[in-house]
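Chemist: below: sequence and its predicted model.
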Amino acid sequence: MAALLEVEHLRIEFPTRRGTLVAVDDVSFSIDEGEVLGVVGESGAGKSLTGTAIIGLLEPPGRVAAGEIRLMGRRIDDLPYEEIRKIRGKQIGAVFQDPLTSLNPLYSVGRQLIETIQTHTDLSPTQARTRALELLQEVGIPAAERRVDHYPHQFSGGMRQRVVIALALCVNPKLVIADEPTTALDVSIQAQIIALLKRLCRDHGTAIMLITHDMGVIAETADRVAVMYAGRIAEIGPVRSVIKEAKHPYSHGLMGSIPKINDTKERLDQIEGSMPRLTEIPPGCAFNPRCPHVFERCRVERPELLDAGATRASCWLYAHG
Amino acid sequence: MAESPRPLVKVSGLARYFDVSAPWLNRVLDGQPRLILRAVDGLDFEISKGETLALVGESGCGKSTVARLVVGLYRPSTGSIVFDGVDMAGLGGRAEMAPIRRRLQMIFQDPYASLNPRWRVSAIVSEPIRAFRLIEGESKIVERVGQLLRQVGLSPVDGEKYPHEFSGGQRQRISIARALSSQPEFLVCDEPTSALDVSVQAQILNLMKDLQRQLGLTYLFISHNLAVVRHIADRVGVMYLGRLAEIGPKTTLFTLPRHPYTRMLLDTIPDLDMTGCKRTPVAGEVPNPINPPSGCAFHPRCPFANDRCKTERPEPKANETGSITACHAVEEGRPPAGPLPAAAA
């Protein structure tokens, strides 16, 4: 199947007075149509920045310094503001972490939906309202006819996130970037939202880039997963392989450090130290100071993504020949 | 339990109500009633020495209020908290509280907000030592601070730095060092790892377990993460709208959950082993605690609810499995074993 989104050698920089910070460095991946790609990593790993760069919402002074982002073969990272606005919302939808701040508190949810629908299609106001109602019903808002004129503060957190999902899906985009969509929600609501996202994307054939730090959410939802570390992809592959038999020492340690509900081991595996700050990324492999398998080459030469069985890992352990 | 020696902490009938009414004038003019939020509404539990009791629940269930009540940051509306034989609600002023305060300490969720940014780490860690006059002499205090920092995995030279120079996990280590500096027996931890990344969370959980073993600490651990709770706790209490739905030993609660809410929570957690697995997400949300449902607060979401649940509030009853459950359905043997049916919306 043709790749829907291709990201190649993406590099995001922040020029500062004390030099340029490289927040995302040489990140390449692709998402197929209808596929769910999970992106995990600790805070500061660059996962959200990658997402914002794809929808063209990178805030200055942050900038895409190198690489290409292509949607359906068309390059979108260098488009002028007006052009990217047409793509954003119509072809790429977005769901952010905090549903309260991604909705305008001064407009009713119906008006926000109608506005988005009318921006991207030529439906009449009445048709747009009907579509908005359908959407609210589809995302499981009870009594949608009444709720459509309510304001965001009248909804609970879970219901607000449903509205945000309705907004993201209102003109049937090809791709939804979901940045920590369940992090602000309670566990029982989290499960509802994940199930909803999965169902909608299956029904509409929408691809999702699911950014989260919660491996559990990824395990349930994603087809493939990319593990990010210090602005680079450490490992990428089918979700089952990455969880069960992670090849990169970082993703392996990360899986071991997650407490599991059915596991009664006394101590969690722990990775010593913490992720380096952007100013202190070591030469070679960024993980080398914490890596239990580190050897000389790791300290000087930076590994590319290499084939490591079912997944691809950027680790010299998998360099053959 | 009668057979065990006196528990370190015994909480009975604990309740805390907050008045969230509109101002008096508005109430009089608009004829609005008084609004009382029952954050914690009748809680009984005990914690033995050296044990970890975890309280889990969704946001708004009152678990953090319990933490603040137990350390004395709030006064209970009714009920008692007996710490090592002394009823804390009966203590009057600061002077009477001081000897108890030294023996219990708290670790907060947000290590960015709970450390004074303008103090050096050594001042933060030594504050309880100075406040309780535990050690005389500056050089001895410095030595003790260094020892505490080493104990939590930092270096004594870190005492000269300010909190902003540390990462989230390191800051939480500083919070732990500060809590340990008064040599407490009992630590109340309110979501201590929720703000941290998973690999750092593992470090902090391992550290807390090590310290418990070395120092014989007793923990009250508040969390919303059941997997974390399973890892750290000996006994677990599941809270729903200010009440305990179920409390029992960890293994019983996780392998043989009785209360429908506990079963629902266990069913909904996304887990690494559940890849591609089909689940029935539970309908409904936590109701508003200002106006909780009548009878059992869980009945609108419960697949086994009947008319009795709507009118009569269930009292906690001991099960044959060793846990205590507040549920009419469990008492009458209504819920079938096996997976939960999907609840009505």
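Modeler: That came through, no problem.
Chemist: where does the stretch 101-250 of chain A get nearest to chain B, which residue?
Modeler: At 3.3 Å from chain B, residue A:216 is the closest residue in the stretch 101-250 of chain A, using CB to the nearest CB. (C-beta placed from N, C-alpha, C; glycine too.)
Chemist: do I have it right that that residue meets residue B:269?
Modeler: Yes. Between residue A:216 and residue B:269 there is a contact under CB atoms under 8 Å: 6.6 Å.
Chemist: common neighbours of these two, please.
Modeler: When contacts are counted by CB atoms under 8 Å, 6 or more residues apart in numbering or on different chains, residue A:216 and residue B:269 have residue B:227 as shared neighbours.
Chemist: when the two are compared, which one has more neighbours?
Modeler: residue A:216 (26 against 20; other CB atoms under 10 Å in any protein chain shown).
Chemist: hey, where'd the strands end up in chain B?
Modeler: With strands called from DSSP state E, chain B shows them at B:9-19, B:36-47, B:52-56, B:78-83, B:86-87, B:104-107, B:186-190, B:218-223, B:235-240, B:243-249, B:317-318, B:324-325.
Chemist: in JSON lines, list those along with distance to chain A.
Modeler: Below are the strands of chain B laid out as JSON lines (distance: least, CB to the nearest CB, whole Å):
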{"stretch": "strand B:9-19", "distance to chain A": "20"}
{"stretch": "strand B:36-47", "distance to chain A": "16"}
{"stretch": "strand B:52-56", "distance to chain A": "9"}
{"stretch": "strand B:78-83", "distance to chain A": "26"}
{"stretch": "strand B:86-87", "distance to chain A": "34"}
{"stretch": "strand B:104-107", "distance to chain A": "18"}
{"stretch": "strand B:186-190", "distance to chain A": "15"}
{"stretch": "strand B:218-223", "distance to chain A": "10"}
{"stretch": "strand B:235-240", "distance to chain A": "11"}
{"stretch": "strand B:243-249", "distance to chain A": "13"}
{"stretch": "strand B:317-318", "distance to chain A": "24"}
{"stretch": "strand B:324-325", "distance to chain A": "19"}
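Chemist: possible to save those strands as TSV with mean neighbour count?
Modeler: Output for those, formatted as TSV (neighbours: other CB atoms under 10 Å in any protein chain shown):
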stretch	mean neighbour count
strand B:9-19	18
strand B:36-47	21
strand B:52-56	25
strand B:78-83	18
strand B:86-87	13
strand B:104-107	23
strand B:186-190	24
strand B:218-223	25
strand B:235-240	25
strand B:243-249	24
strand B:317-318	12
strand B:324-325	23
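Chemist: can you lay out those strands as TSV showing mean pLDDT?
Modeler: Shown next, in TSV, are these (pLDDT from 0 to 100):
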stretch	mean pLDDT
strand B:9-19	91
strand B:36-47	90
strand B:52-56	94
strand B:78-83	90
strand B:86-87	86
strand B:104-107	92
strand B:186-190	94
strand B:218-223	94
strand B:235-240	94
strand B:243-249	93
strand B:317-318	88
strand B:324-325	92
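Chemist: and the nearest residue to residue A:301 once chain neighbours are set aside, how many neighbours?
Modeler: The spatially closest residue to residue A:301, leaving aside those adjacent along the chain, is residue A:284, at 5.8 Å (CB to CB, 6 or more residues apart in numbering or on different chains). Residue neighbour count, defined by other CB under 10 Å, stands at 18 for residue A:284.
Chemist: right, and residue A:284 touches residue A:302 too?
Modeler: Yes. At 5.8 Å, residue A:284 counts as touching residue A:302 under the criterion of CB under 8 Å.
Chemist: if we can go back for a sec, mind listing what's buried in the helix or strand where the residue of the stretch 101-250 of chain A closest to chain B lies?
Modeler: Under the criterion of DSSP states H and E, residue A:216 resides in helix A:215-221. For helix A:215-221, the neighbour count (16 or more other CB atoms under 10 Å in any protein chain shown) marks A:215, A:216, A:217, A:218, A:219, A:220, A:221 as buried.
Chemist: closest to residue B:324 among those?
Modeler: Nearest to residue B:324, judged by CB to CB, of the buried residues of helix A:215-221 is residue A:216 at 28.5 Å.
Chemist: ok, the buried residues of helix A:215-221 vs residue A:251, which is closest?
Modeler: Proximity of the buried residues of helix A:215-221 to residue A:251 (CB to CB) peaks at residue A:215, which lies at 9.7 Å.
Chemist: would you mind measuring from that closest one to residue B:227?
Modeler: 10 Å (CB to CB, to the nearest Å).
Chemist: again with residue B:145
Modeler: Separation of residue B:145 from residue B:227 (CB to CB): 34 Å.
Chemist: so these two - more neighbours on which side?
Modeler: Taking other CB under 10 Å, residue B:145 and residue B:227 do not tie; residue B:145 has more neighbours (24 against 20).
Chemist: residues touching the more buried one, list them.
Modeler: With CB under 8 Å, 6+ apart, residue B:145 has these contacts: B:122, B:125, B:126, B:129, B:156, B:159, B:177, B:181.
Chemist: could those go into JSON lines alongside distance to residue A:61?
Modeler: Listed next are the contacts of residue B:145 as JSON lines, based on distance: CB to CB, whole Å:
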{"residue": "B:122", "distance to residue A:61": "37"}
{"residue": "B:125", "distance to residue A:61": "38"}
{"residue": "B:126", "distance to residue A:61": "41"}
{"residue": "B:129", "distance to residue A:61": "45"}
{"residue": "B:156", "distance to residue A:61": "39"}
{"residue": "B:159", "distance to residue A:61": "36"}
{"residue": "B:177", "distance to residue A:61": "37"}
{"residue": "B:181", "distance to residue A:61": "42"}
